[in-house]
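Trainee: How does the following fold in three dimensions:
(one chain, ligands or ions: 1)
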Amino acid sequence: MSPPIIAVYGATGHTGRLVATELLARGHRIVLAGRDAIAVQKMTTELDAGERVEALAAPLDDPGALRELAAGCTVLVHCAGPYSETGRPVAEAAVAAGCHYVDHALEQHHVRSLFDELDRPARDAGSALVPGASFYGGYGDLLAAVVAAGLPEVRRLVIGYAVAGWRMTAGARRTADQVIADLRRVTFTDGALDEHYVEPRNAVFPFPPPLGPQSMVAPVPYHETITVPRHVPAREVEAQMTAHTFAPETFEGQDVDDATRAGSEYTVAVQAITADGGRTGLVTGRDLWWGAALVSVEVALALAEPPGPARGGVFAPAEAVDAGALLARLERRGAFTASPGLLPDATDEPLLGIR
Ligand SMILES: NC(=O)c1ccc[n+]([C@@H]2O[C@H](COP(=O)([O-])OP(=O)(O)OC[C@H]3O[C@@H](n4cnc5c(N)ncnc54)[C@H](OP(=O)(O)O)[C@@H]3O)[C@@H](O)[C@H]2O)c1
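Mentor: Numbers count the residues shown, from 1 in each chain. Model prediction:
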């Protein structure tokens with residue numbers, strides 16, 4: 001059997017480059033793809049990995065090229081956003097070609113539309129689609145699965161992101177502009193999804209010391225409201241972000257140097273409230289971009305490993321893989337430190353959860 005090939009769409013962006021570099025460092029064969037033929041070819045030369053790296057230009061308005069890209073790989077990792085603009089054609093190409101798909105979306109409507117509209121075609125094609133396997137949204141989904149494991153009912157599950165030093169790339173800035181301006185928020189309350197305007201409020205999330213309680217913007221419209229209820233028996237799901245994160249310099253990070261870009265510091269905590277108390281767990285780390293890339297790489301490699309997923313469809317990150325095992329691997333790689341006793345010991349056993 002020939003070794004799996006992982007395609008990276010949007011390879012020339014910050015996230016795409018991290019994903020491509022990580023895959024090459026682990027010895028895999030990759031295809032660098034994007035809309036700009038010269039840029040992907042230039043990057044292929046720069047990475048200097050011989051036959052393990054190829055380039056393919058595939059603009060979004062060229063379904064034939066996207067189809068060729070998808071047909072030539074086992075998993076397509078989509079790193080070009082905003083996904084409200086770029087997501088659908090790439091995901092559809094993956095389904096049409098029967099390959100697997102992973103993306104970095106946090107956008108609720110994109111993620112919801114994949115579950116609502118592409119699940120059946122993906123099942124028929126045997127394609128596993130895992131949107132939102134990243135930092136924002138992705139860490140929340142995976143941590144929620146670990147913190148709530150075994151709880152029979154969760155009244156309220158809150159994901160708190162405390163982030164300092166985040167400097168947005170051009171793609172992240174365009175995504176943030178769209179998300180903030182979009183007044184149709186997908187909520188999960190009383191055990192049901194709904195879509196309506198939500199007035200943002202100030203909340204306090206009780207991070208434990210040394211961070212301590214923080215003033216939060218609540219809710220932030222990330223995809224956990226859609227993905228978490230698929231695998232956690234929750235009545236209510238909400239994501240929140242430290243208010244100080246939304247400082248002007250966060251939005252003006254397009255031209256910072258690599259060290260500054262990598263200098264973000266974060267704590268992501270999940271509080272699962274039950275009738276008789278509840279449970280909390282968190283991770284604290286540095287460089288959210290690297291953490292985001294690692295999540296998508298681990299999910300992509302889990303899907304690529306033979307014999308592959310037993311069935312196709314659209315899956316939350318924590319449905320696609322064993323969340324605790326994945327987070328334990330990230331901790332072993334030095335991405336973050338988890339609260340004591342939260343994660344199992346890291347192993348190299350297969351992560352795939354789609355059986
Ligand atoms: N959920 C999370 O925590 C998380 C983490 C990381 C990234 N992301 C998301 O991932 C996306 C990329 O982020 P980034 O930091 O890598 O941004 P970036 O460095 O600005 O790169 C953006 C990439 O997307 C490509 N692109 C943009 N619009 C495109 C289009 N219409 N057709 C084809 N390619 C297009 C760009 O290609 P060109 O070079 O040709 O312009 C570039 O390769 C953003 O949406 C961001 O929100 C999310």
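
Trainee: low-scoring stretches of this structure, by residue?
Mentor: Judged against pLDDT under 70, the low-scoring parts of the chain cover residues 1.

Trainee: From residue 275, how far off is residue 12?
Mentor: Applying CB to CB, to the nearest Å, the value for residue 12 to residue 275 is 50 Å. (C-beta placed from N, C-alpha, C; glycine too.)

Trainee: for the residue of the stretch 201-350 of the chain found nearest the ligand, what are its contacts?
Mentor: Using CB to the nearest ligand atom, residue 292 is the residue of the stretch 201-350 of the chain that sits closest to the ligand, at 3.6 Å. With contact taken as CB atoms under 8 Å, 6 or more residues apart in numbering, residue 292 is in contact with 15, 18, 104, 134-136, 138.

Trainee: In helices, which of those residues fall?
Mentor: The helices, defined by DSSP state H, take in 15, 18, 138 from the contacts of residue 292.

Trainee: And those residues, which of them are buried?
Mentor: In the ones in helices among the contacts of residue 292, burial by neighbour count holds for 15, 18, 138, counting by 16 or more other CB atoms under 10 Å.

Trainee: quick one: which of these is nearest to the ligand?
Mentor: Using CB to the nearest ligand atom, residue 15 comes nearest to the ligand of these, at 3.3 Å.

Trainee: residues contacting the closest one?
Mentor: The contact partners of residue 15, taken as CB under 8 Å, 6+ apart, are 79, 104, 134, 169, 171, 289, 292-293.

Trainee: Can you identify the element that follows the lengthiest helix in the chain toward the C-terminus?
Mentor: With DSSP H applied, the helix covering the greatest number of residues in the chain is identified as helix 288-304. Proceeding C-terminally, helix 288-304 gives way to strand 313-314 as the next helix or strand, assigned by DSSP states H and E.

Trainee: Mind giving me the packing neighbours of that next one?
Mentor: helix 119-125, strand 128-130 (3 or more CB pairs under 8 Å, 6 or more residues apart in numbering; DSSP states H and E).

Trainee: now the ones you listed in CSV, with mean neighbour count and distance to the ligand?
Mentor: Listed next are the helices and strands packed on strand 313-314 as CSV, based on neighbours: other CB atoms under 10 Å; distance: least, CB to the nearest ligand atom, whole Å:
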stretch, mean neighbour count, distance to the ligand
helix 119-125, 17, 21
strand 128-130, 29, 13
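
Trainee: ok, and the closest residue to residue 28 other than its chain neighbours, which helix or strand is that part of?
Mentor: Nearest residue to residue 28, sequence neighbours excluded (CB to CB, 6 or more residues apart in numbering): residue 6, at 5.7 Å. Under the assignment given by DSSP H and E, the secondary-structure element containing residue 6 is strand 5-9.

Trainee: elements contacting that strand?
Mentor: Packing partners of strand 5-9 (3+ CB pairs under 8 Å, 6+ apart): helix 14-25, strand 29-34, helix 63-71, strand 75-78, helix 288-304.

Trainee: can you pull the buried residues of the third one?
Mentor: Along helix 63-71, these residues count as buried under the neighbour rule (16+ other CB under 10 Å): 65-67, 69-70.

Trainee: The residue of the chain found nearest the ligand sits in which helix or strand?
Mentor: For the chain, the residue closest to the ligand is residue 81, as judged by CB to the nearest ligand atom, at 1.7 Å. Assigning secondary structure by DSSP H and E places residue 81 outside every helix and strand.

Trainee: Can you verify my assumption that it contacts residue 131?
Mentor: No: shown here, residue 81 and residue 131 do not form a contact pair, counting by CB atoms under 8 Å, at 11.3 Å.

Trainee: near the ligand, which residues of the stretch 51-200 of the chain?
Mentor: 60, 79-83, 85-86, 104, 106, 134-137, 169-172, 175 (CB under 6 Å from any ligand atom).

Trainee: Right, I'll call it a day here.
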